[in-house]
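Chemist: Take this sequence and fold it.
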Amino acid sequence: MPHPSTVGPPPPAFALLGQAEQDWGKGRGHVARACNVDQDTISDVYPCTPLQEGLMSLASKDKGDYIMEGTIELASDICMVRFRAAWEAMAEGLEVLRTRIVYPAATNNQSIIDRLYNPHLG
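Modeler: Alright, predicted model coming up:
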């Protein structure tokens, strides 16, 4: 017997917040300010998973923990135009690469996804 799929269509944008539209206007503005973006670039906001909340809580107690910054040295003959185009296409196609975690006032942690992608490539 086939196993039924548990994957369905994603919920509509902002549906997981459970806030009335007028309340969301304030929350959306707070999230936009916290991320230093225009609120029109925010395509969705949703609660963090318990794992995300736990990691953020631990990271806030021990500054520098759970943070990694790496630098990749590229070959000198790389075509930066093609590399940048490939990087931008990948980020635009994968929402997780445009997701941020913020601490809105008086609510749980929230993740946001920016509609616009602005790479910081040197």
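Chemist: Count the neighbours of residue 8 for me.
Modeler: Other residues lying near residue 8 total 6 when counted by other CB atoms under 10 Å. (Each C-beta comes from the backbone N, C-alpha and C, glycine too.)
Chemist: Just say helix, strand or coil for it.
Modeler: Three-state assignment for residue 8 (DSSP: H, G, I helix; E, B strand; the rest coil): coil.
Chemist: pLDDT below threshold where in the protein?
Modeler: The chain contains residues with pLDDT under 70 at 1-6, 18-27, 103-111, 115-122.
Chemist: how much space between the residue nearest the centre of it and residue 87?
Modeler: For the chain, residue 99 is the residue whose C-alpha lies nearest the centre (CA atoms, centre = their mean; 1.0 Å). Remark: distance between residue 99 and residue 87 (CB to CB, to the nearest Å) = 16 Å.
Chemist: Look at residue 114 and say how many residues are nearby.
Modeler: Neighbourhood size, residue 114 [other CB under 10 Å]: 20.
Chemist: and it, bridged to which residues?
Modeler: Beta bridges link residue 114 to residue 42 when assigned by DSSP bridges.
Chemist: Could you pull up the contacting residues of the closest residue in space to residue 67 that isn't next to it in sequence?
Modeler: Residue nearest to residue 67 in three dimensions, not counting chain neighbours: residue 59, with 6.9 Å by CB to CB, 6 or more residues apart in numbering. With contact set as CB atoms under 8 Å, 6 or more residues apart in numbering, residue 59 has these partners: 65-67.
Chemist: Now which of these would you call buried?
Modeler: Neighbour counting by 16 or more other CB atoms under 10 Å classes none of these as buried.
Chemist: Next, count neighbours for residue 28.
Modeler: Using other CB under 10 Å, residue 28 has 19 neighbouring residues.
Chemist: Tell me the spacing between it and residue 41.
Modeler: Separation of residue 28 from residue 41 (CB to CB): 11 Å.
Chemist: And the helices in the protein, which stretches?
Modeler: With DSSP state H as the criterion, the chain has helices at 21-35, 50-61, 80-93.
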